[in-house]
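[1] Sequence plus the predicted model coming up.
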2 protein chains.
Amino acid sequence: MSRARERVVAAALELFAEHGVSGTSLQMIADRMGVTKAAVYHQFPTKEEIVLAVIDPVLAELSSIAEAAAALRTPAARRRHAIAAAVDLVVRNRRLSRVLSFDPVVTRLIRQHPAMSPVTDLVDLLTGPAPSPEARVNLVMVAGGLVLAGAESALADVDDETLRAQLLEATTLLLKPRPPRG
Amino acid sequence: MSRARERVVAAALELFAEHGVSGTSLQMIADRMGVTKAAVYHQFPTKEEIVLAVIDPVLAELSSIAEAAAALRTPAARRRHAIAAAVDLVVRNRRLSRVLSFDPVVTRLIRQHPAMSPVTDLVDLLTGPAPSPEARVNLVMVAGGLVLAGAESALADVDDETLRAQLLEATTLLLKPRPPRG
DNA sequence: GTCTATAAGGGGATAGAC
DNA sequence: GTCTATCCCCTTATAGAC
């Protein structure tokens, strides 16, 4: 890949993470690079191609994870490898996660909303005062998991009662106060 | 609230869930209602106000949950109530979750991506063949939790090693094969 | 590889009639 | 409450010079 293409991808990743894909125009990418829109179009025929170039490496790595895990002998080993590799992938691409994540426009609206202050209380209530980083990670996982569970079309066939029971169990499990690891 | 306003909110909710907020224009909302853009603007001064009207009821309910929980006596009771109420809120608003969720443009790109087929294998590998609804819910929770954990700015101060360790523990916990509830 | 210039269209938003 | 008509801006994308 040419240097110019790499610069486009790097600029796009930063802007996508900050403003979301829909909130990022080619003009913004060009400005960030210090060139014109036409120069960007010389590297990528469409905006969609830029998005794909940004997420391609991670998707490719996901594929590698699946293949490597499938080559292991026991189901337990396969699962262990897949979990560890997926977690590692997320941690190494924290910024990219933002690209895939919530619409920044909506996120901003919610954060600025006056009704959000009691939600801070809710968080305090679930984690206790001065929560450890571990507790905070678990809480964020629960929040993301709950929202995605509500949104994911792959769960559209799961009836409300089953969904509620399982979410309750998983959430209780993750938010259970446990002694810190020794 | 006037009937006309309610109709706008209902149409907007459907379209936001399908196309995302950024992907939904006032023209689309007006078309869905069978009126013109100007009629929509008569009900709401800006698009932003429509978004707020859509998410307002849920935010208000979140506040109620926090207040009700805070009134309970023991920390354990407060946590139990908050968890159960939050889960219930999500289940009763499954469609709304989509509004808050991932950018539909990006979601479509990923789903259509050729490199996604091995990811299906990865899912099979983590859940086993013909997974139960419960196992599928847990997997979706893990996926949402991992992505949000990577994206959430509130965790920006957590170093990679701590994040990795905690995500590994939480993910392993949720994906551990367990005997079905009796 | 980068530029200027421009096309073609859609976005949010407004004015004023009915 | 709804309409027609319009404004202004920004968007993606293209043509052709350097």
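    Here it is on my side, so go on.
[2] from here on, contacts and neighbour counts on C-alpha atoms
    Will do.
[3] can you list the domains in chain A?
    Domain assignment of chain A by automatic domain parsing yields the ranges A:3-100, A:113-175.
[4] first to last residue in the shortest one, what's the distance?
    I take that to be domain A:113-175. Using Cα to Cα, to the nearest Å, one end of domain A:113-175 lies 26 Å from the other.
[5] okay if I get the domains of chain A as TSV plus mean pLDDT?
    Formatted as TSV, those follow (pLDDT from 0 to 100):
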stretch	mean pLDDT
domain A:3-100	93
domain A:113-175	91
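[6] Just put those in TSV and tack on distance to chain B.
    Formatted as TSV, the domains of chain A follow (distance: least, Cα to the nearest Cα, whole Å):
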stretch	distance to chain B
domain A:3-100	4
domain A:113-175	4
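[7] Nearest to B:Lys37, out of those domains?
    Among these, domain A:3-100 comes nearest to B:Lys37, with 21.7 Å by Cα to Cα.
[8] how far is the closest one from where the chain is centred?
    Put simply, domain A:3-100 sits 11 Å off its chain's centre (Cα atoms, centre = their mean, to the nearest Å).
[9] and it, does that touch DNA strand C?
    Yes - applying Cα under 7 Å from any atom of the strand, one finds domain A:3-100 touching DNA strand C at A:3-5, A:34-40, A:42-43.
[10] and the next element down the chain from the longest helix along chain A?
    Using DSSP state H to define each element, chain A has its longest helix at helix A:47-70. Downstream of helix A:47-70, the next assigned helix or strand under DSSP states H and E is helix A:75-92.
[11] Counting by contacts, list what that next one packs against.
    Helix A:75-92 is packed against helix A:47-70, helix B:117-127, helix B:133-151, helix B:160-175, with contacts defined by 3 or more Cα pairs under 8 Å, 6 or more residues apart in numbering or on different chains; DSSP states H and E.
[12] relative orientation of it and helix B:160-175 in degrees?
    On the basis of axes from the mean of the first three to the mean of the last three Cα atoms, to 10 degrees, helix A:75-92 is oriented at 140 degrees to helix B:160-175.
[13] what sits up against helix A:75-92?
    Residues outside helix A:75-92 that contact it (Cα atoms under 8 Å, 6 or more residues apart in numbering or on different chains): A:58, A:61-62, A:65-66, A:69-72, A:97, B:122, B:125-126, B:146-147, B:150, B:160, B:163-164, B:167-168, B:171-172.
[14] got a list of what the residue in chain A sticking out farthest from the centre touches?
    In chain A, the greatest distance from the average C-alpha position (Cα atoms, centre = their mean) is reached by A:Ala38, at 30.9 Å. Counting by Cα under 8 Å, 6+ apart, A:Ala38 makes contact with nothing.
[15] about what we covered before: give the buried subset of the contacts of helix A:75-92 as a ChimeraX selection command.
    Per 16 or more other Cα atoms under 10 Å in any protein chain shown, the buried members of these correspond to this ChimeraX selection:
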select /A:58,61,62,65,66,69,70,97 /B:122,125,126,146,147,150,160,163,164,167,168,171,172
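[16] Secondary structure element holding the residue nearest to the spatial centre of chain A?
    Centroid-nearest residue in chain A, with Cα atoms, centre = their mean: A:Ser97, separated by 3.5 Å. For A:Ser97, the host element (DSSP H and E) is helix A:94-100.
[17] Helix or strand next in line after that helix, which one?
    Using DSSP H and E, the next helix or strand after helix A:94-100 towards the C-terminus is helix A:104-112.
[18] Between helix B:47-70 and that next one, find me the angle.
    Helix A:104-112 runs at 50 degrees relative to helix B:47-70, counting by the same axes, to 10 degrees.
[19] Who wins on neighbours among the residues of domain A:3-100 next to DNA strand C?
    Neighbour counts for the residues of domain A:3-100 next to DNA strand C peak at A:Val40, which has 22 neighbours (criterion: other Cα atoms under 10 Å in any protein chain shown).
[20] Thanks a lot, catch you later.
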